[in-house]
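In: Just need the structure, nothing else, for what follows:
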Amino acid sequence: MIAAIGIKNGLPGKMYIAYLVPDDNKKYEIFETKNFFELNLDFPSFINSLEEEMQRHRLFDSDDKREKAILISVSLKPKYEQEDSIEELKELALSSDVIVLDSIIQRPKEINPKYIMGEGKIKELIISALNKGATILIFDQELSPSQIKAISEITELKVIDRSQLILDIFARRAHSRDGKVQVELAQLKYRLPRLIGKGTAMSRLMGGIGGRGPGETKLEIDRRRVRERINLLEKELKTLSEARKQRKNLRISSGIPIVSIIGYTNAGKSTLLNSLTKSNVLVEDKLFATLDTSSRRLRFPKERDVIITDTVGFIKNLPSDLMSAFKATLEELEDANLLIHLVDISNHRFEQHIESVETILNKLNLQNKPRLTVFNKIDKVDDYEKAYNIASRYNGILISATNPNTFGHLLKSIENSLWGRSNTNDMNLHASNNYLMPLQETNTVTHTPN
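Out: Residues are numbered from 1 along each chain as shown. Okay, here's the model as predicted:
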């Protein structure tokens, strides 16, 4: 509620009161009194009844302490691209345990450099968000430090963008020391240029910092602490990298081929690893359920073994700071003898997912690494013939990671790729159409848990 009092001859005159209402079309109501002294409003009772009415229109329990978000996409891209992107943003939000109240898509003639959308539109959106009980605004596009500051100045709601949401998910899911260090490093590098104005207190993330210098402002202290923490984490990451190199050298010296499973997030990589090796790596139907690399041994006939590794999932527009932080982990893909590019064929955006993975492989200079394209979740596809044609187009293999009976041609392809050709340097490791697999085939490989 907000009130305005008119002044007449130095005395209070008319009084205007506006308050939010639980109606998206109307949004608010205004009433006025002819004379300030005639106002007779029991404010606590009025607000309590208004809150109760609003709660009845909301889709969540008032005792639910999770963040409630409005998702916003402001872009000049075609609408269908925005819709696909905001659907993925919704999946990311759900993976971060956020309640999504609404999604807003806007295609302006030009992007507002200050608020990303028009000032009037952003204020309307904030009013609507308050009506719905939102606690956070999540933008699909990356916001500049100045845009976050400008939007934060006109609302008390939290304001984050897609990159911050992904960083939050990574922070929740990282369990190994490697993962935790890489995530915190990425977070601090992302936040450093955004340490401006409101909400700059970072002290809870920092520890063991010395006294402040004379005349330093709070903002300068925060920045100095962040830089010191970044330097410390980079040194620790370097130490952890040396340990990884030692483990890598042991694997290489053993002469056991390494097969790495890569793919878009939630493509089923951990499920495939578990099914191939009878392991129990964490599996969830969420984006970025797996962050820490897992390795297991798989035994083929003739006493031949391979090491199967499960890697962090890829995603389009991966934050550059996160990409650089995880580069040390992803560099392990360089040592792989074969990459299995797993694709969720049941996802209608699978083509964009393939492109995103290819883009990241190019950034890592792994585009020429031998690999098999494997289409997963065939059990979730209604039209098997269509799926077969898609796999044929990509020279791929069809499987269901939850059904080991579908692994026949995949295992045969891995075996042929690693040992089946005399000249390993000239091997074409993409499966031919002969490897497109009917669902009734069985798996004859011995599984050896690590």
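In: hey, where'd the strands end up in the stretch 201-350 of the chain?
Out: 258-263, 294-300, 304-310, 338-344 (DSSP state E, counting those that start in this stretch).
In: Give the buried residues for the helix or strand just after the last one.
Out: Right, the one you point to is strand 338-344. Going down the chain from strand 338-344, the next helix or strand is helix 350-363, by DSSP states H and E. Buried positions in helix 350-363, judged by neighbour count with 16 or more other C-beta atoms under 10 Å: 350, 352-354, 356-357, 360-361. Yep, even glycine has a C-beta here, placed from its N, CA and C like the rest.
In: what residues does helix 350-363 touch?
Out: When contacts are defined by C-beta atoms under 8 Å, 6 or more residues apart in numbering, helix 350-363 is touched by residues 84, 262-264, 267, 314-316, 318, 323, 341, 343-344, 347, 367, 369, 373, 375, 394.
In: Now do the following helix or strand past it, average pLDDT.
Out: Using DSSP H and E, the helix or strand that follows helix 350-363 towards the C-terminus is strand 371-376. Averaged over strand 371-376, pLDDT sits at 93.
In: repeat for stretch 220-230
Out: pLDDT averaged over stretch 220-230 gives 83.
In: So which residue is dead centre in this structure?
Out: Ile166 (3.5 Å; C-alpha atoms, centre = their mean).
In: Now do the SS call for that residue.
Out: helix (DSSP: H, G, I helix; E, B strand; the rest coil).
In: And the contacts of helix 350-363, which of them are buried?
Out: 84, 262-264, 267, 314-316, 318, 341, 343-344, 347, 369, 373, 375, 394.
In: if I read this right, Ile340 contacts Ala267, doesn't it?
Out: No. Using C-beta atoms under 8 Å, Ile340 is not in contact with Ala267, being 10.4 Å away.
In: For this structure, just list every one of the helices.
Out: Using DSSP state H, the helices of the chain run over residues 43-57, 79-95, 119-132, 145-152, 162-173, 177-191, 218-254, 269-277, 320-325, 327-330, 350-363, 384-393, 408-419.
In: Lowest average pLDDT across these?
Out: Taking the mean pLDDT of those, helix 327-330 comes last: a mean of 64.
In: Give the burial count for Asp64, as a bare number.
Out: Counted by other C-beta atoms under 10 Å, the residues lying close to Asp64 total 10.
In: which one is it nearest to, not counting chain neighbours?
Out: Ile99 (6.9 Å; C-beta to C-beta, 6 or more residues apart in numbering).
In: Ok, Ala387 next?
Out: Val381 (4.7 Å).
In: quick one, what contacts the one you found?
Out: Contacts of Val381 by C-beta under 8 Å, 6+ apart are 345-346, 387.
In: surely Leu272 meets Ile261?
Out: Yes. Using C-beta under 8 Å, Leu272 is in contact with Ile261, at 6.0 Å.
In: avg pLDDT for the longest strand seen in the chain?
Out: Longest strand in the chain, counting residues (DSSP state E): strand 11-20. Model confidence over strand 11-20, given as mean pLDDT, is 88.
In: residues of stretch 152-168 that come out buried?
Out: 152, 155, 157, 159-168.
In: Would you convert these into TSV that also reports distance to Lys123?
Out: As requested, those are exported to TSV (distance: C-beta to C-beta, whole Å):
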residue	distance to Lys123
Ser152	14
Thr155	9
Leu157	12
Val159	14
Ile160	19
Asp161	19
Arg162	22
Ser163	25
Gln164	22
Leu165	23
Ile166	28
Leu167	28
Asp168	26
